[in-house]
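Novice: build me a model from this:
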Amino acid sequence: MSASPPPDPTPEGQSGKSADASDIRRWRKYLADERAEGAVYRDLAARRSGEERHILLALADAERRHQQHWETLLRDDVGPPRHSGIRTRLLAWLASRFGSVFVLALAQRAEARSPYEHDADATPTMAADERIHGEVVRALATRGRNRLSGTFRAAVFGANDGLVSNLALVLGISATGVSNRTVLITGLAGLLAGALSMGAGEYVSVRSQRELLAASAPDPTTQDVLPNLDLDANELALVYRARGMSADEARERAAATLADLGSPGTQPTGPAPVADEHEAIGTGLAAATSSFCFFAAGAVIPVLPYLVGLQGGTAQISAVVLVGIALLATGAVVGLLSGGPPLRRALRQIAIGYGAAAVTYVVGLAFGTRVG
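Specialist: All right, here's what the predicted structure looks like:
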C-alpha cells in the first residue's frame with residue numbers, strides 16, 4: 001500500500017482551495033506586480049547610498065516575500081513571466097532612468113492602491129505590509145520634496161500664474177475688439193511686468209522667511225556660557241520651557257545637560273535647536289530666478305498665436321487650447337509630487353484657469369460693446 005502524499009503547501013492564512021481560471025489570472029497579475037515593484041525599489045536603491053539605500057532594499061525584500069506567496073498559490077500554474085500593469089511598468093521605467101522624487105511619489109500612490117485588504121487570497125500580514133510600505137515611501141518622498149520644494153513651488157506657481165494671468169489679459173483685451181497688434185503688445189507687456197513682479201516678490205518672500213527662521217533659531221554661542229550657570233537657579237530650564245516643554249521635562253533636560261558638562265570629553269550642547277527649515281524654503285535668488293523664468297515661459301504661451309500671425313477667434317481659440325494643455329501638465333506634475341491623483345489636480349488647474357479667463361473675456365466684451 002503506497003504512502004499517502006504529503007499535504008500541499010499553502011501560504012499562511014490560505015485554505016488550500018482549488019483555483020479556477022479567474023483566480024489564476026488574478027494571482028499571476030499580483031505576482032507580476034510584486035516582481036515589478038521589487039525591481040523598482042532595487043533600481044532606486046542602486047542610485048542611493050546610506051540609510052535610504054538600506055530602506056529601499058528592505059522594501060524590495062518585502063516585495064519578494066509577497067512574490068513567494070503568489071508563487072506558492074500558483075504552483076505549477078505560475079507560467080512564464082507576464083507584464084505587470086501599465087502603471088507599475090511606467091514606474092519601473094522611470095525608476096531605471098531617473099530615480100527621482102517623482103518616482104517615489106508614484107510608488108507612494110501604487111502602494112496606496114493595493115487590493116490586498118479586500119482580497120481573501122492575500123494574508124492580513126501582506127495587506128498590513130502594503131500600508132506600511134506606503135508610509136515608508138511617503139517619508140522617503142518627503143525628503144526629496146523638502147529638498148526641492150522652495151524652488152519647485154516658485155516654478156509651478158510662476159508657470160501657472162503666467163498661464164492664467166496672461167491668458168485672461170489677452171482674452172480680455174481681444175474681446176474689446178482692438179487690433180491684433182495691440183493684443184500682442186499688451187500680452188508681451190503683461191509677460192514682462194508679471195515676470196519681474198513674480199521674481200521680485202518671490203525673492204522678498206523667501207528672504208523674509210529665512211530671516212524669520214534665523215531669528216527663531218537658538219544662538220549657537222549660548223553653549224559657551226553653560227559652565228558658568230548658577231546650578232541652584234538653573235535658568236537653562238526656562239529656555240526649554242519657552243520652547244514648549246513642561247516644567248518637569250525642562251528641569252530634567254536642563255539637569256541632564258548640566259550634568260554632562262562634568263563628563264570628560266563632553267561638549268556642551270546648549271538649548272535644543274528648532275527644526276532647520278531653510279532647506280525646504282530654498283534660497284531667495286534661486287526662487288526668484290525660477291519664478292521669473294517659469295512665469296515668462298507660462299505667459300508666452302497665450303501670446304504665441306498672435307506672434308505667428310493668427311487673428312480674431314482663431315487666435316483666441318488657439319490660445320485657450322495651448323494654455324489648457326499647459327495647465328493640465330502643471331496640474332498633473334503637482335499631483336504626482338504631492339502623491340495625489342494627477343488627473344484630479346490637472347482638471348482642477350484647468351478649471352481655475354479657464355474660469356479666470358472667462359470672467360475677463362466677458363468683461364472685455366462688455367467694455368467693447370460700450371465703446372462701440
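Novice: any idea how far residue 239 is from residue 247?
Specialist: From residue 247 across to residue 239, the span is 13 Å (C-beta to C-beta, to the nearest Å). Bear in mind the C-beta positions are built from the backbone N, C-alpha and C, glycine included.
Novice: which helix or strand contains residue 239?
Specialist: Assigned by DSSP states H and E, residue 239 falls within helix 236-242.
Novice: so for that helix, what gets flagged as buried?
Specialist: Of all the residues in helix 236-242, those buried under the rule 16 or more other C-beta atoms under 10 Å are 236-237, 239-241.
Novice: beyond the lengthiest helix in the chain, next helix or strand please.
Specialist: In the chain, taking DSSP state H as the definition, the longest helix is helix 124-175. Next helix or strand after helix 124-175 toward the C-terminus (DSSP H and E): helix 180-216.
Novice: other SSEs contacting the host helix or strand of residue 356?
Specialist: Applying DSSP H and E as the criterion places residue 356 in helix 342-371. On a contact count with 3 or more C-beta pairs under 8 Å, 6 or more residues apart in numbering; DSSP states H and E, helix 342-371 meets helix 124-175, helix 312-338.
Novice: I'd like to know which of these lies nearest to residue 188.
Specialist: The closest of the helices and strands packed on helix 342-371 to residue 188 is helix 124-175. By C-beta to C-beta, the value is 9.3 Å.
Novice: how far off helix 180-216 does the closest one point, in degrees?
Specialist: 140 degrees (axes from the mean of the first three to the mean of the last three C-alpha atoms, to 10 degrees).
Novice: by contact count, what packs against helix 124-175?
Specialist: Under the contact criterion of 3+ C-beta pairs under 8 Å, 6+ apart, helix 124-175 touches helix 50-74, helix 101-112, helix 180-216, helix 278-281, helix 284-300, helix 312-338, helix 342-371.
Novice: would you mark the buried spots in the second one?
Specialist: Right, the one you point to is helix 101-112. Buried residues in helix 101-112, counted by 16+ other C-beta under 10 Å: 101-111.
Novice: now the longest one
Specialist: Judged by neighbour count using 16+ other C-beta under 10 Å, the buried positions of helix 180-216 are 183-184, 186-188, 190-191, 194-195, 198-199, 202-203, 205-207, 209-210, 213.
Novice: cool, and the first one?
Specialist: Buried residues in helix 50-74, defined by neighbour count with 16+ other C-beta under 10 Å: 52, 55-57, 59-60, 62-63, 66-67, 69-74.
Novice: so which one among these has the lowest pLDDT?
Specialist: Among the buried residues of helix 50-74, residue 52 carries the weakest pLDDT, at 83.
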